[in-house]
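Undergrad: Give me a 3D structure for the following:
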Amino acid sequence: MKRTTVFKSAAVLGVASLALAACGGSSSSSESSSSAAPASSAAAAASSAAPASSAAPASSAAAASGSAAPVSTGTPLYLVDGNTGNALGDKLPAGTLNGVKGTIPGAETSADFKAAMLEVDPNLKDFSYGPESYDAVMVAALAAAQAKSDAGVDMAKQMVAITNGADNCASYKECLDAIAAGKKIHYNGKSGNINFWDAGDPTTATIGVYQFGPDNHLVSNVQFQKGEIKPEGTANPIDGVKQKGANDGTFTVGTFLPVTGSLAFLGPPEVAGVKLAIKEIKEAGGIPGIATADKVVLQEGDSGDTSTQTGPQTIKRLLPLNPDVIVGAASSSSTLAVLDQVTNAGVLMISPANTSPALTTAPDHGLYWRTAPSDVLQGAFLGSLVLQDGYTKVAIMQLQDSYGDGLAANVEKAITEGGGEVAAKVVYDPKATDFSADVAKIKAAGAEAIVLIGFDESAQIIQELVKQGIGPNSAG
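TA: Residues are numbered from 1 along each chain as shown. Below you'll find the predicted structure:
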């Protein structure tokens, strides 16, 4: 049975059901007096509060400059979760990204959680999707504890229950104690409330608006916006087979995360989040009735990207190791390339970073879940943010894959339904070595602002934007 999910966008775009509410941020951001605001209000708060990153170490240059928001001097550029991060800035001349805004799903990351992740990996440059990766492991372990089974189908049947119960719990130990007491838990994750519905998607999430400083690093303040996605329709039934190694006394977590490829910059925080969760599960004694601490096992794997066979080869290597859950991929296209193989084997798959709407309807035997929201949310918010900043003639440049297609479509919808115009929509090959012709199409459109949806190749594209005179800063 095919999933049929209907999402509706924000009130600012002339449609309903995606409520965005300001939920504060770091010390210099203010909290909205309203518990729910249309995207126009949320975007207004974001644009006035000097948004920046809690997902990365603060820019020293921005901290030194006080509370003044960085301002670009060229064509305003907006980035997305696939390319917003310090790793991008490190590849560009200083000043290139000053004032550039970007959006990333995920709630504010606490200082304590960042410190814990840095203990796992002291070399982290960013924390993007680290909390979501941590939560992916935690919901699997808690589902196993609730089900008294680590079979994928049994864990999947508990995912909605453990994220929508009446009894809130925030730590693994606290949640375990609540389960043992017979309570109906509501796991509040490090990435925020998840509130799964039957199709495997979160129904609540937070979007962070980030901004780069003059040193190309994300500055120290952030504005977060809460969003709600109200699903309609019917989810796929949970009807998979039990995976090999189910209930064998070992709880095996496999990772399918980018060590190489165009999203390799997201790999370190995601891997660190998984390792931190496993560490805490071990410290709590393991999973009652499923696996003792010494039997909670990690098997790491590289998802690569779809330009190589790294991902399929990794899954071929991981499955014989009898994983009970596979955390990954970061790329929606990488997940789609192996989803049948993983879920047909009965293995639960939880992505910390997939946002393509296509995955909501993908056949999966009910075994695919994600702790990051669909780009229905990010696209609606980003489009409304661009409009709120005063730009009504916008160009979109997107990579050609399921992630790029889904996010670009939702950004375009938000802009056009909000009264703006998409002057150009250029789809590029992320494997290309020369983006001059693509950028020339963007330049010819004469747009007031540019949305760039991409991955690692974004650095090369931004350099070409600068070269053709439409970069975010003339000094770049």
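
Undergrad: Output stretch 76-85 as PDB, nothing but the C-alphas.
TA: Output of stretch 76-85 as PDB, limited to C-alpha atoms (Å, rounded to 0.1, in the frame of the first residue of the first chain):
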ATOM      1  CA  PRO A  76      22.100  38.300  -1.500                       C
ATOM      2  CA  LEU A  77      22.700  34.600  -1.300                       C
ATOM      3  CA  TYR A  78      20.700  32.000   0.600                       C
ATOM      4  CA  LEU A  79      22.000  28.500   1.400                       C
ATOM      5  CA  VAL A  80      20.500  25.400   2.800                       C
ATOM      6  CA  ASP A  81      21.300  22.500   5.100                       C
ATOM      7  CA  GLY A  82      23.400  20.800   2.400                       C
ATOM      8  CA  ASN A  83      25.900  23.600   2.200                       C
ATOM      9  CA  THR A  84      25.600  25.800   5.300                       C
ATOM     10  CA  GLY A  85      28.600  25.300   7.500                       C
END
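
Undergrad: any idea of the mean pLDDT for that stretch?
TA: Mean per-residue pLDDT for stretch 76-85: 96.

Undergrad: now that stretch, how far from the chain's geometric center?
TA: 13 Å (C-alpha atoms, centre = their mean, to the nearest Å).

Undergrad: got the end-to-end distance for stretch 303-313?
TA: 9 Å (C-alpha to C-alpha, to the nearest Å).

Undergrad: ok, residues contacting that stretch?
TA: Stretch 303-313 is contacted from outside by 256-263, 302, 314, 328-331, 333-334, 337-338, 341, 401, 430-431, 455, using C-beta atoms under 8 Å, 6 or more residues apart in numbering. For the C-beta atoms, the positions are set from N, CA and C on the backbone; glycine is no exception.

Undergrad: Can you say which of those are buried?
TA: 256-259, 261-263, 302, 314, 328-331, 333-334, 337-338, 401, 430, 455 (16 or more other C-beta atoms under 10 Å).

Undergrad: Those in helices, which ones?
TA: When the buried ones among the contacts of stretch 303-313 are checked against helices (DSSP state H), the matches are Thr314, Ser333, Ser334, Ala337, Val338.

Undergrad: hang on, Gly82 packs against Tyr403?
TA: Yes: here Gly82 reaches Tyr403: they are 6.8 Å apart, a contact under C-beta atoms under 8 Å.

Undergrad: Please enumerate the shared neighbours of these two.
TA: Common neighbours of Gly82 and Tyr403 (C-beta under 8 Å, 6+ apart) are Ile453.

Undergrad: Surely Asp135 is in contact with Lys190?
TA: Yes: in terms of C-beta under 8 Å, Asp135 counts as a neighbour of Lys190; the distance is 5.8 Å.

Undergrad: in the chain, which helix or strand is least confident?
TA: When each helix and strand of the chain is scored by mean pLDDT, DSSP states H and E, helix 39-48 comes last, with a mean of 33.

Undergrad: quick one: the helices in the stretch 151-300 of the chain?
TA: 152-156, 159-162, 172-180, 267-283 (DSSP state H, counting those that start in this stretch).

Undergrad: Now render those as CSV, adding distance to Ile461.
TA: Shown next, in CSV, are these (distance: least, C-beta to C-beta, whole Å):
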stretch, distance to Ile461
helix 152-156, 39
helix 159-162, 38
helix 172-180, 41
helix 267-283, 21
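
Undergrad: deepest of those, which one?
TA: helix 152-156 (a mean of 26; mean count of other C-beta atoms under 10 Å).

Undergrad: counting contacts, what elements does that one pack onto?
TA: helix 130-147, strand 348-351 (3 or more C-beta pairs under 8 Å, 6 or more residues apart in numbering; DSSP states H and E).

Undergrad: export those to a markdown table and tack on mean pLDDT and mean neighbour count?
TA: As requested, the helices and strands packed on helix 152-156 are exported to a markdown table (pLDDT from 0 to 100; neighbours: other C-beta atoms under 10 Å):
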| stretch | mean pLDDT | mean neighbour count |
| --- | --- | --- |
| helix 130-147 | 98 | 28 |
| strand 348-351 | 98 | 30 |
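
Undergrad: between those, which gets nearest to Leu88?
TA: helix 130-147 (17.1 Å; C-beta to C-beta).

Undergrad: And Val222, how far from Ser133?
TA: 20 Å (C-beta to C-beta, to the nearest Å).

Undergrad: now swap in Ile461 and tell me
TA: Computed as C-beta to C-beta, the Ile461 to Ser133 distance reads 27 Å.

Undergrad: do the same with Thr255
TA: Thr255 is 8 Å from Ser133, by C-beta to C-beta.

Undergrad: which residues are common contacts for those two?
TA: Glu270, Val271, Val274, Val327.

Undergrad: Name the residues of stretch 356-367 that are buried.
TA: Applying 16+ other C-beta under 10 Å to stretch 356-367 flags Ser356, Pro357, Ala358, Leu359, Thr360, Ala362, Asp364, His365, Gly366, Leu367 as buried.

Undergrad: Report the separation between the closest residue to Ser171 other than its chain neighbours and Gln378.
TA: Once flanking residues are discounted, Ser171 sits nearest to Glu280: 7.8 Å by C-beta to C-beta, 6 or more residues apart in numbering. Taking C-beta to C-beta as the measure, Glu280 falls 29 Å from Gln378.

Undergrad: shared neighbours of Asp135 and Lys190, anything?
TA: Counting by C-beta under 8 Å, 6+ apart, the residues touching both Asp135 and Lys190 are Gly273.

Undergrad: Chain neighbours aside, what residue packs nearest to Val427?
TA: Gln400 (5.0 Å).

Undergrad: about what we covered before: which one of the helices and strands packed on helix 152-156 lies nearest to Lys295?
TA: Ranking the helices and strands packed on helix 152-156 by proximity to Lys295 (C-beta to C-beta) places helix 130-147 first, at 12.2 Å.

Undergrad: hang on, the earlier thing: just the ones in strands from the contacts of stretch 303-313, please.
TA: The strands, defined by DSSP state E, take in Phe256, Gly328 from the contacts of stretch 303-313.

Undergrad: Report pLDDT for the closest residue in space to Thr292 that isn't next to it in sequence.
TA: Counting by C-beta to C-beta, 6+ apart, Gly286 is the residue found nearest to Thr292 once chain neighbours are left out, at 4.5 Å. For Gly286, the model assigns a pLDDT of 98.

Undergrad: What distance do you get for the residue nearest to the spatial centre of the chain to Asp81?
TA: With distances taken as C-alpha atoms, centre = their mean, Ala353 lies nearest the centre of the chain, 3.9 Å away. For Ala353, the distance to Asp81 equals 7 Å [C-beta to C-beta].

Undergrad: quick one, strands of the stretch 101-250 of the chain?
TA: 101-105, 167-169, 185-189, 192-193, 204-211, 223-228 (DSSP state E, counting those that start in this stretch).

Undergrad: how about those in TSV, adding distance to Val160 and mean neighbour count?
TA: Formatted as TSV, the strands of the stretch 101-250 of the chain follow (distance: least, C-beta to C-beta, whole Å; neighbours: other C-beta atoms under 10 Å):
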stretch	distance to Val160	mean neighbour count
strand 101-105	20	27
strand 167-169	15	16
strand 185-189	11	22
strand 192-193	13	20
strand 204-211	13	26
strand 223-228	16	25
